[in-house]
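Asker: Following is a predicted model, sequence given first.
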Amino acid sequence: MIGTCVLAVMLALPPSHEAPPTAFLTYESGVLVGVDWAERHGSSLHTRSVLTQSHVIDARIELRDDETAVRSMVVLTAAGSAPGKPIERSFGGDAIYWSDMTPSSIEQAVLRARVLDHASVRLAGASLFRDSRSDVEVTRVDSTDWIVSCHRKRYEVLTDRLGRMLSATLPEFGVTIERREGFGAERYPLWPPNSSPPDGGYGASDVSIRAPQGHVRSRPRF
């Protein structure tokens, strides 16, 4: 009977390459400064990272079974502006995608390290935006605790038993990343610069100021 119950629980858990829609919330000194929505189906990963409610990194990434990246297409958008031109990248045969501004890449580093199955591995982290790579070092502390280091940043990562990131911290920067299910985009709406905040706490309008020399200067008024 116990064996049957354990089997039922295992079957209820989706494999790591079929993860439900997830939001990674980034807090700095307790303030929410970014959300990365990630959804994976098989080899296709869609991640939409919103920073300070103003800048959007929308990436579609094709992955291999060994958790390395094949190619990506990224669109950058500033709130209130038209989307930028798509940036397409190919990664070669041994790189993971990596961006400090996309927390799902931390999870991807752990998933790749689990495939290699060593106590410590050094990965090639390829940028989503330019032809550059960074060394990403992943160290296994135990079955669910990891250290992911890149660019002098040392993430202390907690995962579930399938390698999916539950949380990560950058203690020296006061940064905490939390996995959250059911966190919709409406809870972190875009906020164009110099516009009224989404909560309507105050208003903003353009005003013109005429100087004695006859010049006219326009600026927002809050």
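Answerer: Looks like it came in fine.
Asker: Touching whichever strand or helix holds Ser134 from outside, list them.
Answerer: Per DSSP states H and E: Ser134 is located in strand 133-140. Applying Cβ atoms under 8 Å, 6 or more residues apart in numbering, the contact partners of strand 133-140 are 95-96, 98, 109-110, 112-113, 118-127, 146-151. Glycine gets a C-beta too; all of them are placed from N, C-alpha and C.
Asker: same question, stretch 177-185
Answerer: Here stretch 177-185 makes contact (Cβ under 8 Å, 6+ apart) with 20-27, 35, 37, 50, 103, 106, 155, 164-169.
Asker: so of those, which ones are in helices?
Answerer: Counting by DSSP state H, the contacts of stretch 177-185 place Ile106 in helices.
Asker: Tell me where the model's unsure across the chain.
Answerer: 1-20, 193-222 (pLDDT under 70).
Asker: any idea which residue sits dead centre in it?
Answerer: Centroid-nearest residue in the chain: Thr102, 2.6 Å away (criterion: Cα atoms, centre = their mean).
Asker: Could you spell out the sheet neighbours of the strand holding Ser134, each with its direction?
Answerer: Next to strand 133-140 in the sheet, as set by DSSP bridges, lie strand 120-126 (antiparallel), strand 145-150 (antiparallel).
Asker: With mean neighbour count and distance to Val74 as extra columns, can I get those strands in CSV?
Answerer: Shown next, in CSV, are these (neighbours: other Cβ atoms under 10 Å; distance: least, Cβ to Cβ, whole Å):
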stretch, mean neighbour count, distance to Val74
strand 120-126, 19, 12
strand 145-150, 18, 19
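Asker: Now render those strands as JSON lines, adding distance to Ser134.
Answerer: Compiled in JSON lines, the strands paired with strand 133-140 are given as follows (distance: least, Cβ to Cβ, whole Å):
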{"stretch": "strand 120-126", "distance to Ser134": "5"}
{"stretch": "strand 145-150", "distance to Ser134": "6"}
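Asker: Of those, give the one that comes closest to Thr77.
Answerer: strand 120-126 (21.7 Å; Cβ to Cβ).
Asker: who touches that closest one?
Answerer: By Cβ under 8 Å, 6+ apart, the surrounding residues in contact with strand 120-126 are 69, 89, 91-92, 94-98, 105, 109, 112-113, 132-140, 150.
Asker: could you redo the last one with a cut-off of 10 Å?
Answerer: Residues outside strand 120-126 that contact it (Cβ atoms under 10 Å, 6 or more residues apart in numbering): 67-69, 72, 89-100, 105, 108-109, 112-116, 132-140, 147-151.
Asker: what distance separates it from the centre of its chain?
Answerer: 18 Å (Cα atoms, centre = their mean, to the nearest Å).
Asker: and what of stretch 137-157?
Answerer: Centroid separation between stretch 137-157 and its chain, computed with Cα atoms, centre = their mean, is 16 Å.
Asker: Tabulate the CA atom coordinates of that stretch in CSV.
Answerer: Listed next in CSV are the C-alpha coordinates belonging to stretch 137-157 (Å, rounded to 0.1, in the frame of the first residue of the first chain):
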residue,chain,number,x,y,z
GLU,A,137,29.9,27.8,-11.8
VAL,A,138,27.4,25.5,-10.1
THR,A,139,28.2,23.6,-6.9
ARG,A,140,25.9,21.0,-5.4
VAL,A,141,25.6,21.4,-1.6
ASP,A,142,23.1,18.6,-1.2
SER,A,143,20.1,17.2,-3.2
THR,A,144,18.2,20.5,-3.1
ASP,A,145,20.7,23.2,-2.2
TRP,A,146,23.1,24.7,-4.8
ILE,A,147,25.5,27.6,-5.2
VAL,A,148,25.4,29.3,-8.6
SER,A,149,28.2,31.9,-9.2
CYS,A,150,28.7,34.3,-12.1
HIS,A,151,30.1,37.8,-12.5
ARG,A,152,31.1,38.0,-8.8
LYS,A,153,27.5,37.2,-7.8
ARG,A,154,26.9,34.1,-5.6
TYR,A,155,23.4,32.8,-5.6
GLU,A,156,22.3,30.5,-2.8
VAL,A,157,19.6,28.4,-4.5
